[in-house]
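> Turn this into a model:
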Amino acid sequence: MHHNICQQRTNWNSLLLNSVNMITLTAVTMAGLAEESGPHGLALKVSSTLLFAAGTGILLIMSKIQPSQLVEEQRNAVRLLKQLKASIETRISIRTVTQNDVDEAMEKVLALDKAYPLPLLGAMLEKYPESLRPAVWWPRKKQTTSSSPAVRCGSKEGDRNNGWSKELENEMNEIIGVTKRKDAEDFVGLGNKALGLSKVLGISGPVLSGVAAVGAAFVGYGGPWGGLLAAMAGSMAAVVNTIEHGGQVGMVFEMYRNCAGFFKLLEETVESTLEEEDLGKRENGEIFEMKMALHLGRSLSELRDLADKSRTNGGSVDEFASKLI
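Okay, the predicted model is just below:
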């Protein structure tokens, strides 16, 4: 369903973009012809005004729903649902599932549905927030308490450390510190710039088209200023619309929001893992370290070198943690 909606909204973006540009440029041509036709150009003037008004309405709708951003939301939903499907299949293949596994999978599905809703009315994500907030498509983890004595790092029972050590915990903390200070901060900054551009373009397009409609309505009155205003404002409205929706500024903003969410997920995963004092309940430390390296596109040695560099320089490094995004 998410894939089908993604295709539908891709068509929306291209069809609405081409349609509103054709409407606007046709109205500009009619306004120019009406100016030259004198008193016999009433039909052209009325048609031009109506076309500009219709174009303004379509631009308002496009600015409200941001079709390219809707496409990126559904594209992310498809990718994340495929990941969830693969993880469920893996779990089924390696052991017998329990009711807790079913509940956990359902929570993830519901969290995904909330993060990337299908309907537009009543559930659509806000397209112009005050600032970028990272996407959250995972359920909040509940901290469990154990009635048995917890095995802590550094205990003499090395076989029960489950691959964890104080050095590994410090390494994970350093890596997450780098992702927060470099990667996540960079994507949030870029996302806010894309958001600001989207706001300016989203307001400018309908305003220019509306001004062109007013100018077209006054063609033939008070000299050539009505036709000139309609031609200039209409042409600029077409340019703004092409930049906003042809350039898919909304999609760029959503991409940055999703990337910031990826690093937020890494941060929460590490923090929730390290908060679990019973090492037996944690994911194996060596596997966890390997997964972090894969998520960041690094080898284990590169991951450790980055943690050492961050520790040596007091958290200040000149590179990003991720080599993938």
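> Tell me the first helix or strand C-terminal of the helix ranked longest in the chain.
In terms of residue count, the longest helix belonging to the chain (DSSP state H) is helix 2-37. Sequence-wise, the next helix or strand downstream of helix 2-37 (DSSP states H and E) is helix 42-65.
> what about dumping the CA coordinates of that next one to CSV?
Provided in CSV are the C-alpha atoms of helix 42-65 (Å, rounded to 0.1, in the frame of the first residue of the first chain):
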residue,chain,number,x,y,z
LEU,A,42,-12.7,41.2,-22.8
ALA,A,43,-12.9,37.4,-23.4
LEU,A,44,-9.1,37.1,-23.2
LYS,A,45,-9.0,39.3,-20.1
VAL,A,46,-11.7,37.2,-18.3
SER,A,47,-10.1,33.9,-19.4
SER,A,48,-6.7,35.1,-18.2
THR,A,49,-8.1,36.2,-14.8
LEU,A,50,-9.9,32.9,-14.3
LEU,A,51,-6.8,30.9,-15.2
PHE,A,52,-4.7,32.8,-12.8
ALA,A,53,-7.3,32.3,-10.1
ALA,A,54,-7.4,28.6,-10.8
GLY,A,55,-3.6,28.4,-10.8
THR,A,56,-3.5,30.2,-7.4
GLY,A,57,-5.8,27.6,-6.0
ILE,A,58,-3.7,24.7,-7.2
LEU,A,59,-0.6,26.3,-5.9
LEU,A,60,-2.1,26.7,-2.5
ILE,A,61,-3.0,23.0,-2.5
MET,A,62,0.5,22.0,-3.6
SER,A,63,2.1,24.3,-1.0
LYS,A,64,-0.1,22.8,1.7
ILE,A,65,0.5,19.1,0.9
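> For the next helix or strand after that helix, the averaged confidence score.
Going down the chain from helix 42-65, the next helix or strand is helix 67-94, by DSSP H and E. Averaged across helix 67-94, pLDDT comes to 94.
> Likewise for stretch 35-51?
81.
> okay, the residue most central in space within the chain: pLDDT?
In the chain, the residue lying closest to the centroid (Cα atoms, centre = their mean) is E254, at 2.1 Å. pLDDT, E254: 95.
> And A31, by the same measure?
87.
> which SS state does M124 fall under?
The three-state assignment at M124 reads coil, by DSSP: H, G, I helix; E, B strand; the rest coil.
> Same question for stretch 79-88: list its buried residues.
Across stretch 79-88, burial judged by 16 or more other Cβ atoms under 10 Å covers 80-81, 84, 88. For glycine as for every other residue, the C-beta is placed from the backbone atoms N, C-alpha and C.
> ditto for stretch 181-189
181-184, 186-188.
> In strands, which of the residues you listed fall?
Secondary structure assignment (DSSP state E) places none of the buried residues of stretch 181-189 within strands.
> returning to what we had before: tilt between the helix or strand where the residue nearest to the centre of the chain lies and helix 2-37?
According to DSSP H and E, E254 maps onto helix 249-275. Helix 249-275 runs at 150 degrees relative to helix 2-37, counting by axes from the mean of the first three to the mean of the last three Cα atoms, to 10 degrees.
> helices and strands around the next helix or strand after helix 249-275, which ones?
From helix 249-275 onward toward the C-terminus, using DSSP H and E, the following helix or strand is helix 285-296. On a contact count with 3 or more Cβ pairs under 8 Å, 6 or more residues apart in numbering; DSSP states H and E, helix 285-296 meets helix 166-178, helix 249-275, helix 300-312.
> most tightly surrounded among the ones you listed?
Among the helices and strands packed on helix 285-296, the stretch with the highest mean neighbour count (mean count of other Cβ atoms under 10 Å) is helix 249-275, at a mean of 20.
> tell me which strands and helices that one is in contact with?
Using 3+ Cβ pairs under 8 Å, 6+ apart, helix 249-275 is in contact with helix 67-94, helix 166-178, helix 185-217, helix 285-296.
> in the third one, what's buried?
Buried residues in helix 185-217, counted by 16+ other Cβ under 10 Å: 186-188, 190-192, 194-195, 197-198, 201-202, 204-213, 215-217.
> Output the contacting helices and strands for it.
By 3+ Cβ pairs under 8 Å, 6+ apart, helix 185-217 packs against helix 2-37, helix 42-65, helix 225-241, helix 249-275.
> Nearest to N161 among these would be which one?
helix 249-275 (13.8 Å; Cβ to Cβ).
> helices or strands next to the helix or strand harbouring N100 in the packing?
Assigned by DSSP H and E, N100 belongs to helix 99-115. Packing partners of helix 99-115 (3+ Cβ pairs under 8 Å, 6+ apart): helix 67-94.
> how far off helix 99-115 does the helix it packs on point, in degrees?
In terms of direction (the same axes, to 10 degrees), helix 67-94 departs from helix 99-115 by 170 degrees.
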